[in-house]
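Asks: Predicted model, plus sequence, below.
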Amino acid sequence: MTDQTPAQYTGPRRILSGIQASGALHLGNYLGALKRFTQLQDQGAPCFLFVADLHAITVWQDPALLTAQTREIAAAYLASGLDPAKSVIFPQSAVRAHSELAWIFNCVARLGWLDRMTQFKEKSGKHKERSSVGLYTYPVLQAADILLYKATEVPTGEDQKQHLELTRDIAAKFNNDFGVPGFFPLPEPLTQGPAPRVMSLRDGAAKMSKSDPSDASRINLTDDADAIVAKIRKARTDPEVLPETVEGLEGRAEAKNLVTIYAALADVTREQVLAQFAGQGFGAFKPVLAELAVASLAPVSAEMRRLMADPAEVDRVLKDGAERAAAIADPVVDEVKKIVGFWRA
């Protein structure tokens, strides 16, 4: 693979991320992504945040449900504090340039690069021949998502770092192959949030996931206060008291997860949490954590429910965001077509 120094790109700073339009959003999405997006926006960073509906259909999606899920994720963006006047919020499929650039990048990326993508192996399992071609090539579409806006930074979880490296390789190869050094930036990863890896409430070794069949494994952003309290009360723990140091959490996955959640919700460190609760059991800690979770998430949940009851308001935001995104994306694709040598009238 090739690599070049990102210093060659001299364009403006831009941050881009997206959430796939499949399944309900949960506490892990809020702490790992939504809260971080809002912080970046409030710090003045130019953010492009899309609903990844093209990525969603790499596996079967019910068409009517996909539309509803697109609105739900947009509602979550807004309820979490993202301001459509400051950040560009849009559906991926509404900007045709994503698909156009993805095809060109399919012809730049090398098969060996995609063969090394571990997520495809994990998601396709033992029957990869039954998987869609889209599931195999979606990292290339992800590269197009990022480079279409010449994003310089991407909030990246552990499971997406390999895909960002692929994006950098595609950008470097395009710049080199077509003799346009610095045309595309080599985007850098951003730590995704105060709790970039929130684990299941039922299994501290598994990431909190919207695809988990057990609803008790996660706190959904649409859960009411009673549901949040009940799920935390029933969260799996161990019989030991909370330790005095973070090192004392090693080997105690469920305890570590609940302490991490508390720290992220309260905007404090895990050390500060343990300084307050060391020596106490979960019978004392869980009610305080539940109270904090309700106070933090209840306003988000209420605003999400309000927005989902008014789809016209959400649609206005998405339409405006798509137009603003296309105004930046379309000229980039036009320039790429010219560089590649496509016929232009």
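Replies: That came through fine. Values in this document were obtained by computation on a predicted structure and should not be read as measured data. Numbers count the residues shown, from 1 in each chain.

Asks: Quick one: the strands in this protein, in order.
Replies: For the chain, the strands defined by DSSP state E cover 15-20, 47-52, 88-91, 153-156, 188-191.

Asks: now the fourth one: mean pLDDT?
Replies: So the one you mean is strand 153-156. Averaged over strand 153-156, pLDDT sits at 90.

Asks: same thing with stretch 204-215?
Replies: Here the average pLDDT along stretch 204-215 is 89.

Asks: Between the two ends of it, how far is it?
Replies: 15 Å (C-alpha to C-alpha, to the nearest Å).

Asks: buried residues in it?
Replies: Within stretch 204-215, the residues scored as buried using 16 or more other C-beta atoms under 10 Å are 204, 207, 208, 209, 210, 212. C-beta here means a position set from N, CA and C on the backbone, and glycine is covered the same way.

Asks: picking up where we left off before, mind checking which of the strands of the chain is nearest residue 36?
Replies: Proximity to residue 36 (C-beta to C-beta) singles out strand 153-156 among the strands of the chain, at 5.8 Å.

Asks: Show me how far that closest one is from its chain's centre.
Replies: 9 Å (C-alpha atoms, centre = their mean, to the nearest Å).

Asks: Return the member of the buried residues of stretch 204-215 nearest to residue 281.
Replies: Closest to residue 281, out of all of the buried residues of stretch 204-215 and judged by C-beta to C-beta, is residue 204, at 16.9 Å.

Asks: what about residue 39, neighbour count?
Replies: 14 (other C-beta atoms under 10 Å).

Asks: Sort out for me which of the buried residues of stretch 204-215 are in helices.
Replies: Among the buried residues of stretch 204-215, no member is found in helices (DSSP state H).

Asks: Quick check: the two most widely separated of those?
Replies: 204 and 210 (17.9 Å).

Asks: neighbours around residue 172, how many?
Replies: Neighbour count of residue 172, defined by other C-beta under 10 Å: 21.

Asks: pLDDT score assigned to it?
Replies: Reported pLDDT for residue 172: 96.

Asks: thought it was touching residue 186?
Replies: Yes. Between residue 172 and residue 186 a contact is recorded at 6.3 Å, counting by C-beta atoms under 8 Å.

Asks: Give me the helices and strands touching the worst-scoring helix or strand of the chain on mean pLDDT, please.
Replies: Within the chain, no helix or strand scores below helix 118-124, which has a mean of 77 by mean pLDDT, DSSP states H and E. Here helix 118-124 touches helix 133-148, helix 161-177, going by 3 or more C-beta pairs under 8 Å, 6 or more residues apart in numbering; DSSP states H and E.
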